[in-house]
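Enquirer: Generate coordinates for the sequence data below:
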Amino acid sequence: MDKRQFDLVGSVVGLVLAAPFMLLAAVGIALTSPGPVIYRCRRVGKGGTIFTMFKFRTMHVATDEQARVRITGTGDPRIFAFGALLRRLKIDELPSSSTC
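Expert: Next comes the predicted model:
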């Protein structure tokens with residue numbers, strides 16, 4: 001088995017193992033907070049490459065006034081209860097390699 005095949009098999013196995021947790025996270029967000037399940041944002045990566053990062057939404061959907069960028073701290077009121085659980089378990093970020 002060459003490296004490419006090993007990587008593909010490992011990716012499929014990882015996705016199969018992670019899928020139930022991702023499904024539970026999506027259902028939990030949908031049931032506990034109105035709005036989209038997935039949060040999408042652009043980040044700057046290595047070498048200045050811009051990529052799109054997908055995360056499970058852990059905060060309430062912001063109004064125009066609340067949309068100002070601020071650092072999220074412990075006890076931030078914008079984080080809903082199930083979102084705090086996702087953050088604590090470190091399963092709020094989805095693996096992605098999509099580039100923009």
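Enquirer: State whether Ser11 is indeed within a strand.
Expert: No: looking at Ser11 with DSSP: H, G, I helix; E, B strand; the rest coil, it is helix, so not inside a strand.
Enquirer: Look up how far Lys90 lies from it.
Expert: Distance, Ser11 to Lys90, by C-beta to C-beta, to the nearest Å: 20 Å. C-beta coordinates here come from the backbone N, C-alpha and C atoms, glycine included.
Enquirer: between those two, which one's more packed in?
Expert: Neighbours were counted for Ser11 and for Lys90 using other C-beta atoms under 10 Å; Ser11 has more, 11 against 7.
Enquirer: Could you pull up the contacting residues of that one?
Expert: Going by C-beta atoms under 8 Å, 6 or more residues apart in numbering, Ser11 touches no other residue.
Enquirer: Tell me the bridge partners for the residue nearest to the spatial centre of the chain.
Expert: The centroid of the chain falls nearest to Lys55 when counting by C-alpha atoms, centre = their mean (1.6 Å). Assessed by DSSP bridges, Lys55 has beta-bridge partners Tyr39, Glu93.
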